[in-house]
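J.: fold the following and give me the result.
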Amino acid sequence: MQNGTLEAWKKFAAFEVFGDYAPMSGFRLVIKVGTRIEALHTMLEARAPESELLDPHLARWVLRAGLGLSRSGVASFVYATPEEVVVVVRSDALRGRSPLFVHDQLVSLYTARLSLLAGRELPALGQIYEFPDVAVIRKAITSLVEDVEEATPMRSSIWLGAQLRGRGQAFHPSMVETLEEQTSLLSTNGVDMNALPAWWWRGIAAAVRADGAVEVYDELPHGEALGALIRADA
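T.: Okay, here's the model as predicted:
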């Protein structure tokens, strides 16, 4: 499963824009970048014979590629998960540059960094969103983080299933449609969900300060405390 199917992404869809559009005055740009899920699952399968359960090395590579966008010069806030990254673009990043240019820059940086870490090309896709203000962005990302956490058993099951296929065992996503089926598959194969790190459940965030320094949050707070990490003046 890719996070594009989460309920929060359905809410994001109302703010999605397409092509080289002219941004509206006062609105803020948010860009999502993620590896093609088919390529990610193919790599999970290929690495399965020698990788640990849920392939934490691959998950960390994806996280590092996402967090690396905090150094792109256009980001004010970054939220990264083991499958994708969301970038809140700086309010001044569009001076002399189009939204599509910034989108292409972030996709290129993400793809290059992840491919270098993984040792093979993992192509990425991006989507552009335009929000009326930071308050709406805060609510959207807070909702996204909660959805990512709630969907962790499903995501874990799909990752494990890809590994099982890579080890010659049968697996299809239809086998883990319910929480009970997901829990059964994971526990039967030795995955202790309670032992998984916080970043696997909720992702990691990075906020870029006014002086350019980056603050990384390994354990994300909830509710308004999470939203407060996104600066209104950046």
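
J.: give me the neighbour count for Leu100.
T.: 15 (other CB atoms under 10 Å). Every residue, glycine included, has its C-beta placed from N, CA and C.

J.: work out for me the element it sits within.
T.: Per DSSP states H and E: Leu100 is located in helix 99-118.

J.: for the chain, give me the ranges with low pLDDT.
T.: Across the chain, the ranges flagged by pLDDT under 70 are 1-8, 19-20, 234.

J.: could you check how far the residue nearest the centre of it is from Phe27?
T.: Closest residue to the average C-alpha location of the chain: Glu84 at 2.5 Å, with CA atoms, centre = their mean. Taking CB to CB, to the nearest Å as the measure, Glu84 falls 22 Å from Phe27.

J.: likewise Val145?
T.: Using CB to CB, one obtains 22 Å as the distance from Val145 to Phe27.

J.: then Ala162?
T.: Ala162 is 38 Å from Phe27, by CB to CB.

J.: looking at the two, which is more packed in?
T.: When Ala162 and Phe27 are compared for neighbours, Ala162 comes out ahead with 22 against 15, by other CB under 10 Å.

J.: right, and the more buried one touches Leu44 too?
T.: Yes - taking CB atoms under 8 Å as the definition, Ala162 is a contact partner of Leu44 at 3.8 Å.

J.: ranges for the strands of this structure?
T.: 16-17, 28-35, 75-80, 84-89, 124-131, 204-208, 214-217 (DSSP state E).

J.: distance to Leu179 added to the ones you listed, as CSV?
T.: Formatted as CSV, the strands of the chain follow (distance: least, CB to CB, whole Å):
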stretch, distance to Leu179
strand 16-17, 29
strand 28-35, 24
strand 75-80, 25
strand 84-89, 23
strand 124-131, 28
strand 204-208, 25
strand 214-217, 28
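
J.: quick check: which of the ones you listed is buried the most?
T.: strand 84-89 (a mean of 28; mean count of other CB atoms under 10 Å).

J.: just grab the bridge partners of the closest residue to the residue nearest to the centre of the chain other than its chain neighbours for me.
T.: Spatial nearest neighbour of Glu84, excluding adjacent residues (CB to CB, 6 or more residues apart in numbering): Gly34 at 3.1 Å. Here Gly34 sits in beta bridges with Glu84, Leu125, going by DSSP bridges.

J.: any idea how far Thr183 is from the residue nearest to Thr152 when sequence neighbours are not counted?
T.: Using CB to CB, 6+ apart and skipping the chain neighbours, the partner closest in space to Thr152 is Trp201 (5.0 Å). Note on Trp201: its distance to Thr183, by CB to CB, is 15 Å.

J.: more crowded one of the two?
T.: Set Trp201 next to Thr183 and count neighbours by other CB under 10 Å: Trp201 wins out with 20 against 16.

J.: state the distance from the more buried one to Ala112.
T.: The gap separating Trp201 from Ala112 is 28 Å, by CB to CB.

J.: check the gap between the residue lying closest to Leu164 once chain neighbours are set aside and Asn189 for me.
T.: Sequence neighbours aside, Phe171 is the residue nearest to Leu164 in space, at 4.6 Å (criterion: CB to CB, 6+ apart). Separation of Phe171 from Asn189 (CB to CB): 10 Å.
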